[in-house]
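Trainee: Below is the sequence, then the predicted model.
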Amino acid sequence: MDKFEAINIKAIIMIKYNPYFFILTGGPGAGKTSVVNELHKQFFTTVTETGRYIIKEQLVSGGEALPWKNRLLFAHQMLQAEKVNYLLNYPAQQPVIFDRGIPDVLGYLQLSRLYLDPPVEEAVLHYRYNKHVFIFPPWKTIYQNDQERKQDYLTAVDTYLTMKEIYDKAGYKLIEVPKRDITTRTAFIMYHIKRIIM
């Protein structure tokens, strides 16, 4: 049993999931953010990915909280931003779409072989989203690097596998989003959200 499992898996059952908070996760470059943007056009409340926001901010300000400079500081800022995003949208009576969530920070730390104190595992157990999480599989055809995304495709695959493991261990049920066009993927997610909250 690893450290995350040892915290107390019974606590997962005791903590209430937020039925209106839906996470979209997966590896980088799998089309997740494009679908989030499309859901926003469909009048869903959406929360942008904190990692990319922090990278853009740090590049402008000349800061050190970057995954290629200070990974631990980057993770700390992501965790704080994810908590703020959660609390700003709580409570909600309509679906809120999160481009990644607090468990993604734990996945990033695992990939980077880092540990954050206070433990991010506690935040994963305390800040709960809908038990159904949409995960985007790696898709080499559409994968691209940019100013904020410097990982290679193999790292993207590793990230997907890590996020899958993290969310599963945290008690979430994963729904894999098919490799289709943006319109089809958006409709797929909208259909499942409607089914889940009804």
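Mentor: Okay, I see it. Owing to the predicted nature of the structure, the values given are computational and were not obtained by experimental measurement.
Trainee: can you give me the strands in this protein?
Mentor: With strands called from DSSP state E, the chain shows them at 21-26, 45-47, 96-99, 132-136, 173-176.
Trainee: Distance to residue 59, mean neighbour count and mean pLDDT for those strands - can I get that in CSV?
Mentor: For glycine as for every other residue, the C-beta is placed from the backbone atoms N, C-alpha and C. What follows is the strands of the chain, written out as CSV (distance: least, Cβ to Cβ, whole Å; neighbours: other Cβ atoms under 10 Å; pLDDT from 0 to 100):
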stretch, distance to residue 59, mean neighbour count, mean pLDDT
strand 21-26, 24, 25, 98
strand 45-47, 21, 19, 98
strand 96-99, 19, 23, 98
strand 132-136, 25, 22, 98
strand 173-176, 32, 13, 98
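Trainee: Would you format those strands as CSV with distance to residue 144 included?
Mentor: Compiled in CSV, the strands of the chain are given as follows (distance: least, Cβ to Cβ, whole Å):
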stretch, distance to residue 144
strand 21-26, 15
strand 45-47, 21
strand 96-99, 17
strand 132-136, 14
strand 173-176, 21
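Trainee: List just the one of these that sits closest to residue 198.
Mentor: Proximity to residue 198 (Cβ to Cβ) singles out strand 132-136 among the strands of the chain, at 12.8 Å.
Trainee: And the pLDDT for the residue at the greatest distance from the centre of the chain?
Mentor: Most distant from the centre of the chain: residue 62, at 25.4 Å, with distances by Cα atoms, centre = their mean. For residue 62, the pLDDT comes out at 95.
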